[in-house]
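Student: turn this into a model:
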Amino acid sequence: MADGRDMEDLPTRRSLPDMATLLGIGGALALILIALVLGGSPEAFLDLPAVLVVGLGTVMVTLASFTVKDVGVTFAMVASALRDGGPGPRVAALKILALADFARKHGVLKFQGQVLNSLKDDPFLQKGIALVVDGLPEPDVEAILAQDIHATQQRLSRASSVLRRAAEVAPAMGLIGTLIGLVQMLGNLDDPTTIGPSMAVALLTTFYGAILGNVVFLPLAGKLDRNGADDTLVRRIYMVGVLSVARKENPRRLEMLLNSALPPAQRVDYYG
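Tutor: All right, here's what the predicted structure looks like:
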């Protein structure tokens, strides 16, 4: 029942490793490493020129397609994707229902101080509640929050585009490295000592490009897309709740609105 709940019991954001991403990418890389070790000569797969051509080449070409800021934001979002710290839609619904129930009992001005500070882990929600406390008209609150959601979607979409571009460039740089190695080898057939290093660059650049593109960049881009969809749903849940608080609606009506937006398995029964 809602009556027994306290604002101090609101769910908080936790910063935990995203085990699916770590196990997926880490496991794939570990399997490749095991295969190299079982082959008996893992050191043969280490080649500095190949690393430079594929690694730095991919970064440079990707950077040419975007901006330094875009790439920097992408790195930050990838780091965030490796942490499973965001609230799920059901947790977000319970949190906003608790806030709506509190506002109905005590009034929105009681959000000032400790309650607002307790929302610092959810900046979007804190911002929405602060706008209501400041007395902004409901249409203005809705416009500000909707613009925030749109801007966040744009950033996530751009970051995903950067990773997908890198996934395209990495195999291409691998192919370029292969051509470099073959040209070096064919140009020095009279010197047998150069054939081995040239072939190493030729083959390893393709190997590195395939791993970076298909094992690292594409899965991370997919993770950002999924996180973006979840984040948008959570923010829309918060916006619906904040606007309901601004209109001073009955929280039971808010519960029905939220359940209509939530997947069936995540629907809440706050007043059950």
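
Student: show me where the chain has helices.
Tutor: 19-38, 48-51, 57-65, 68-81, 89-106, 114-117, 123-133, 138-187, 195-211, 218-246, 251-261 (DSSP state H).

Student: mind putting the ones you listed into JSON lines with mean pLDDT, mean neighbour count and distance to D269?
Tutor: C-beta: built from backbone N, CA, C; applies to glycine. Converted to JSON lines, those look like this (pLDDT from 0 to 100; neighbours: other Cβ atoms under 10 Å; distance: least, Cβ to Cβ, whole Å):
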{"stretch": "helix 19-38", "mean pLDDT": "87", "mean neighbour count": "12", "distance to D269": "28"}
{"stretch": "helix 48-51", "mean pLDDT": "84", "mean neighbour count": "16", "distance to D269": "55"}
{"stretch": "helix 57-65", "mean pLDDT": "93", "mean neighbour count": "17", "distance to D269": "47"}
{"stretch": "helix 68-81", "mean pLDDT": "88", "mean neighbour count": "15", "distance to D269": "31"}
{"stretch": "helix 89-106", "mean pLDDT": "89", "mean neighbour count": "21", "distance to D269": "10"}
{"stretch": "helix 114-117", "mean pLDDT": "80", "mean neighbour count": "14", "distance to D269": "24"}
{"stretch": "helix 123-133", "mean pLDDT": "91", "mean neighbour count": "20", "distance to D269": "21"}
{"stretch": "helix 138-187", "mean pLDDT": "91", "mean neighbour count": "18", "distance to D269": "26"}
{"stretch": "helix 195-211", "mean pLDDT": "82", "mean neighbour count": "19", "distance to D269": "47"}
{"stretch": "helix 218-246", "mean pLDDT": "91", "mean neighbour count": "20", "distance to D269": "16"}
{"stretch": "helix 251-261", "mean pLDDT": "89", "mean neighbour count": "17", "distance to D269": "8"}
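
Student: could you dump these to TSV with distance to V268?
Tutor: Below are the helices of the chain laid out as TSV (distance: least, Cβ to Cβ, whole Å):
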stretch	distance to V268
helix 19-38	24
helix 48-51	50
helix 57-65	42
helix 68-81	26
helix 89-106	5
helix 114-117	21
helix 123-133	16
helix 138-187	21
helix 195-211	43
helix 218-246	10
helix 251-261	7
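
Student: please identify which of these is closest to Y270.
Tutor: Each of those was scored for nearness to Y270 using Cβ to Cβ, and the closest is helix 89-106 (4.5 Å).

Student: against L186, how distant is the residue nearest to L33 when sequence neighbours are not counted?
Tutor: Residue nearest to L33 in three dimensions, not counting chain neighbours: P42, with 7.3 Å by Cβ to Cβ, 6 or more residues apart in numbering. The gap separating P42 from L186 is 28 Å, by Cβ to Cβ, to the nearest Å.

Student: that older thread, just checking, the residue nearest to L33 touches L36?
Tutor: Yes. Using Cβ atoms under 8 Å, P42 is in contact with L36, at 4.2 Å.

Student: next up, the contacts around V162.
Tutor: Taking Cβ atoms under 8 Å, 6 or more residues apart in numbering, we find V162 in contact with T62, S65, F66, D70, V71, T74.

Student: kindly recompute the last result at 10 Å.
Tutor: 62-63, 65-67, 70-75, 77-78, 217, 221, 224 (Cβ atoms under 10 Å, 6 or more residues apart in numbering).

Student: for it, which non-adjacent residue is spatially closest?
Tutor: T74 (4.3 Å).

Student: again with A100
Tutor: P251 (4.1 Å).

Student: so that neighbour makes contact with G241?
Tutor: Yes. If you go by Cβ atoms under 10 Å, P251 and G241 touch, sitting 8.9 Å apart.

Student: which residues do the two both contact?
Tutor: Common neighbours of P251 and G241 (Cβ under 10 Å, 6+ apart) are I96, L97, A98, L99, A100, A103, L258.

Student: check contacts around the last one.
Tutor: For L258, the residues meeting the contact criterion (Cβ under 10 Å, 6+ apart) are 89-90, 92-94, 96-97, 100, 236-237, 240-241, 244, 251, 266-268, 270.

Student: now do 7 Å
Tutor: By Cβ atoms under 7 Å, 6 or more residues apart in numbering, the residues touching L258 are A93, I237, V240, V268.

Student: now the fourth one
Tutor: Contacts for L99 were tallied using Cβ under 7 Å, 6+ apart; they are I129, G241, V245.
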